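1. For reference, the sequence and a predicted model appear below.
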Amino acid sequence: MAKRITKLQQLQAGQPESAAPSAGQAVCDEFLVYLKRECHLADNTVAAYGRDMKRFVGWMDGRRPATLTISDLSDFVASLHGEGLAPTSISRAIVAVRTFFKYLQLEGIAVDNPAELLATRKAWQRMPGVLSPTEVDLFLSAVKKSDTFWQRDRALLEVLYATGCRATEVCTLRIRDLAFDDRTLRCHGKGDKQRLVPIGGRAIQAIQLYLEESRQILSDRNPGQVDELFLSRGGKPLDRIQLWRLVKRYAKRAGIADEISPHSLRHSFATHLLAGGADLRQVQEMLGHASIQTTQIYTHVEHSRLQKIHRDFHPRA
């Protein structure tokens, strides 16, 4: 045990560039011994982990494991995709890295395990299509003044993309949830959990125009008192089905893929924030995710999109 800790500490302390690969391989070998002797894994499983760890150590290129962030590990997963590995191989490599960091924690070398936040390919592959910024512009511009209650529709679409709120959360927004001076709105999420979500100037302008010109007309069609912001043609709160139909209508007009749904605007919101350099935990808070592992999915979506751009446009891709 003492010998193993010494080598791990050497890796954490940093080595000259020429010594880093051997130190990395040493800790990898010790990790595999741990899997076999203490975890009692089968020889074939240990061998598979060995291949995964050899690839991981090579990718680290002398860096210390404890300095790696979730963003770094996402880059590692992206490199696996770049190698064209099968989905099952990528998932196993993620499990191997998670276990490796647990091992470092047991040895007292690493305090945190950022690999716990990695999502497997099976999770993020279910992610619906994400609109590009250009497609978002086309989509938001698809509402025309010739459309009945176009002010409502434009405000609705602007809010979906500006806040990343779920369809139900948008449908249940109330006028008193708006705080234009603070540029926020109060969102009622799952389990009636509330959160404040920032909202941009364009969305605020669209809401104000809707409140000034259309909402009262819709409200007068329903004798009952309605607090919800977005109303149907009958003056009742807009429901998810009606919202879904509106999104489909304007997506079709904009020439965007058929699979686009209200949730696609939420996915696009998160992906574009991360692509712009937003912190993962800040995005988690804005989306209202209980677990950051759910938010982590979007980093994989962004890597996948960037890889496609590289393949399509780089002359030597």
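-> Arrived safely, thanks for sending.

2. CA only for contacts and neighbour counts going forward, please
-> Will do.

3. per-domain residue ranges of this structure.
-> 2-118, 133-290 (automatic domain parsing).

4. so what's Ile175 closest to, chain neighbours aside?
-> Leu229 (5.2 Å; Cα to Cα, 6 or more residues apart in numbering).

5. Name all residues that make contact with that neighbour.
-> Taking Cα atoms under 8 Å, 6 or more residues apart in numbering, we find Leu229 in contact with Cys171, Thr172, Leu173, Arg174, Ile175, Pro237.

6. The fifth one against Pro237, yeah?
-> Just to be clear, that refers to Ile175. No: applying Cα atoms under 8 Å as the test, Ile175 and Pro237 come out as separate, 11.9 Å apart.

7. is it fair to say Val143 lies in a helix?
-> No: counting by DSSP: H, G, I helix; E, B strand; the rest coil, Val143 is located in no helix; its state is coil.

8. How much space separates it from Thr99?
-> The gap separating Val143 from Thr99 is 50 Å, by Cα to Cα, to the nearest Å.

9. again with Ile297
-> Counting by Cα to Cα, the gap from Ile297 to Thr99 is 20 Å.

10. and if you look at Cys39?
-> From Cys39 over to Thr99 (counting by Cα to Cα), the distance is 11 Å.

11. before we move on, back to that, Val143 and Thr99 - which one has more neighbours?
-> Val143 (24 against 18; other Cα atoms under 10 Å).

12. How about the contacts made by the more buried one?
-> Taking Cα under 8 Å, 6+ apart, one finds Trp150, Asp153, Arg154, Tyr250 in contact with Val143.

13. Cross those against helices and list the overlap.
-> Trp150, Asp153, Arg154, Tyr250 (DSSP state H).

14. The nearest residue to Glu116 once chain neighbours are set aside: neighbour count?
-> Of all residues not flanking Glu116 in the chain, Arg98 sits nearest, at 5.9 Å (Cα to Cα, 6+ apart). Neighbour count of Arg98, defined by other Cα under 10 Å: 17.

15. My reading is that Arg98 is in a helix; is that accurate?
-> Yes: checked against three-state DSSP, Arg98 lies within a helix.

16. Please tell me how far it sits from Gln208.
-> Distance from Arg98 to Gln208, by Cα to Cα: 48 Å.

17. Check the offset of stretch 242-254 from the chain's centre.
-> Distance, stretch centre to chain centre, for stretch 242-254: 24 Å (Cα atoms, centre = their mean, to the nearest Å).

18. could I get it in PDB with only the CA atoms?
-> C-alpha atoms of stretch 242-254 as PDB (Å, rounded to 0.1, in the frame of the first residue of the first chain):
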ATOM      1  CA  GLN A 242     -52.000  24.300 -28.000                       C
ATOM      2  CA  LEU A 243     -48.400  25.400 -27.300                       C
ATOM      3  CA  TRP A 244     -47.100  22.300 -29.100                       C
ATOM      4  CA  ARG A 245     -49.300  23.000 -32.200                       C
ATOM      5  CA  LEU A 246     -48.100  26.700 -32.400                       C
ATOM      6  CA  VAL A 247     -44.400  25.600 -32.200                       C
ATOM      7  CA  LYS A 248     -45.000  23.000 -35.000                       C
ATOM      8  CA  ARG A 249     -46.800  25.600 -37.200                       C
ATOM      9  CA  TYR A 250     -44.000  28.200 -37.000                       C
ATOM     10  CA  ALA A 251     -41.300  25.500 -37.300                       C
ATOM     11  CA  LYS A 252     -42.800  24.300 -40.500                       C
ATOM     12  CA  ARG A 253     -43.200  27.900 -41.800                       C
ATOM     13  CA  ALA A 254     -39.500  28.500 -41.000                       C
END
